[in-house]
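In: everything below, folded, please.
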Amino acid sequence: MLNALTGEKLAIVTHKPQTTRTRILGVVEAPVRAKAPGKPGRQPAQIIFVDTPGVHKPETQLDKRMMQEVYDALESRDIVLLIVDATHRLPVAAKDAKPFTKSRLELSAAEDDFVLQLVKKIECPVFLLLNKIDAVPAAELLPLIAHWSSLHKFAEVIPISAKKKIGLDLLLDALVAKLPEGERYFPRDQVTDQPERFLAAEIIREKILMLTGEEVPYATAVVVEAFEEPKPTGRKPVAGAKLPVTKIAAAIYCERTGQKAILIGKQGAMLKHIGTSARKDLESLLGTRVFLELFVKVKDDWRSSRGFVEELDWRRQLEELGAKQATEEK
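Out: The predicted structure is shown next:
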């Protein structure tokens, strides 16, 4: 949804759960519509969206870190948007559970209850967004709305489709009406606070999620170890001339040697496929050619290592880079 609202690829998107691992900030300039026909509206309202990892019961240190990202985001919010996948079926009696098993239904109910318990503690308006309505018959939406509305008193219930951009204008209007007025946080042309090297790491991880299966995607982490931007020449770009080159070196961490073998593939085929797919997106993001080097490293059971999980936080990486540069300049 964040990508659809901002018009930029800020968050990676896959069909796999727990794709998002950190808070992702997106800045949207929402038009303020005139209350009366023929009268001009006010200046655009700036809305700061914070996309978080999905709410889930934590088991590993990585899970705990992801949930901490959720709690941190909730500390400085004016409105909470609870996004529910409209294609997920409502819980039914076990005897009618087709094609889902009883255990799957029980798990889904437990997940929903965990999210609702968190929502009920929030002292601000909560909007329920039913996403992917383009993939659901209209007749099935009313029972879904009734089900969720019976579980909590939401300030707004808005069916949307982030993919088709359905209902997003209605969402923005509802947010502008409910949000308190304040000072502008970011310049009009800024859409996120994320540095490009973090976006690069996420794009590489997206390709791993899309191209590998089973446990491998969840046992991998990506760290950009070098990000060398082209030096400005001061010259105007010449039509037909080659674009400058951004050099990126990234390490893909996994937990076992077997996972490393899968990531590299036969004669390096998988790693090359990941790199080629990532490079195309990176060139589109950066507006330059990209020279991308990927390395695969094994760090046993890293998801249970609190220290390593903390090192993956891009804000901490940025602080360490700043400290390193300050030391080198002395």
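
In: after the worst-scoring helix or strand of the chain on mean pLDDT, next one along is what?
Out: Least confident element among the helices and strands of the chain, by mean pLDDT, DSSP states H and E: helix 102-119 (a mean of 69). Scanning forward in sequence from helix 102-119 by DSSP states H and E, the next helix or strand is strand 126-131.

In: ok, residues contacting that next one?
Out: 1, 79-86, 119, 141, 144-145, 148-149, 152, 154-162, 171, 174-175 (C-beta atoms under 8 Å, 6 or more residues apart in numbering). C-beta coordinates here come from the backbone N, C-alpha and C atoms, glycine included.

In: in its sheet, what does it sit against?
Out: Its sheet considered, strand 126-131 pairs with strand 80-85 (parallel), strand 156-159 (parallel) by DSSP bridges.

In: quick one: which helix or strand includes Phe291?
Out: Here Phe291 is assigned to strand 289-298, by DSSP H and E.

In: now the helix or strand following that strand, how far from the centre of its chain.
Out: Next in sequence after strand 289-298, counting helices and strands by DSSP H and E, comes helix 306-311. Here helix 306-311 is found 20 Å from its chain centre; the criterion is C-alpha atoms, centre = their mean, to the nearest Å.

In: for helix 306-311, name the packing helices and strands.
Out: helix 61-75 (3 or more C-beta pairs under 8 Å, 6 or more residues apart in numbering; DSSP states H and E).

In: before we move on, the earlier item: of the contacts of strand 126-131, grab the buried ones for PyMOL.
Out: Buried residues among the contacts of strand 126-131 (16 or more other C-beta atoms under 10 Å), as a PyMOL selection:
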select buried, resi 1+79+80+81+82+83+84+86+119+144+145+148+154+156+157+158+159+160+161+162+171+174+175
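
In: export the strands paired with strand 126-131 to CSV and append columns for mean pLDDT.
Out: Formatted as CSV, the strands paired with strand 126-131 follow (pLDDT from 0 to 100):
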stretch, mean pLDDT
strand 80-85, 93
strand 156-159, 96
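
In: the ones you listed into TSV, with extra columns for distance to Ala226?
Out: Formatted as TSV, these follow (distance: least, C-beta to C-beta, whole Å):
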stretch	distance to Ala226
strand 80-85	36
strand 156-159	43
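
In: out of those, which gets nearest to Thr212?
Out: Nearest to Thr212 among the strands paired with strand 126-131 is strand 80-85 (23.0 Å), distances taken as C-beta to C-beta.

In: residues making contact with the closest one?
Out: 1, 74, 115, 119, 122, 124-132, 144, 148, 154.

In: try 10 Å this time
Out: 1, 49-52, 54-55, 73-74, 112, 115-116, 118-119, 122, 124-132, 135-136, 144, 147-148, 152, 154-158, 160, 162, 171, 175 (C-beta atoms under 10 Å, 6 or more residues apart in numbering).

In: same check, this time on stretch 258-265
Out: For stretch 258-265, using C-beta under 10 Å, 6+ apart, the contacting residues are 208, 211-217, 219-220, 252-254, 256, 270-274, 294-298.

In: mind redoing it with 7 Å?
Out: Contact partners of stretch 258-265, identified using C-beta atoms under 7 Å, 6 or more residues apart in numbering, comprise 212, 216, 219, 252, 254, 270-271, 296, 298.

In: output stretch 306-321 in CSV, but only the C-alpha positions, please.
Out: C-alpha atoms of stretch 306-321 as CSV (Å, rounded to 0.1, in the frame of the first residue of the first chain):
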residue,chain,number,x,y,z
ARG,A,306,20.5,-10.5,19.5
GLY,A,307,23.7,-8.7,18.7
PHE,A,308,23.6,-9.6,15.0
VAL,A,309,19.9,-8.8,14.6
GLU,A,310,20.6,-5.3,16.1
GLU,A,311,23.4,-4.8,13.6
LEU,A,312,21.0,-5.3,10.8
ASP,A,313,19.1,-2.1,11.7
TRP,A,314,19.8,0.5,9.0
ARG,A,315,19.6,3.4,11.5
ARG,A,316,22.4,1.8,13.5
GLN,A,317,24.4,1.1,10.3
LEU,A,318,24.0,4.8,9.4
GLU,A,319,25.3,5.9,12.7
GLU,A,320,28.3,3.6,12.5
LEU,A,321,29.1,4.9,9.0
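
In: now the closest residue to Leu175 other than its chain neighbours: which helix or strand?
Out: The shortest distance from Leu175 to any non-neighbouring residue, by C-beta to C-beta, 6 or more residues apart in numbering, is to Ile47 (5.8 Å). Assigning secondary structure by DSSP H and E places Ile47 in strand 45-51.

In: and that strand, what's buried?
Out: 45-47, 49-51.

In: before we move on, what about stretch 17-36?
Out: Quick answer for stretch 17-36 (16+ other C-beta under 10 Å): 19-30.

In: in the protein, which spans are helices?
Out: 2-6, 61-75, 102-119, 141-149, 168-178, 196-211, 257-264, 269-286, 306-311, 314-329 (DSSP state H).

In: for Val245, find the nearest of those.
Out: helix 269-286 (9.9 Å).

In: what's in contact with the closest one?
Out: 9, 196, 199-200, 203-204, 207-208, 211, 246, 248, 262-265, 289-290, 292, 294, 296.
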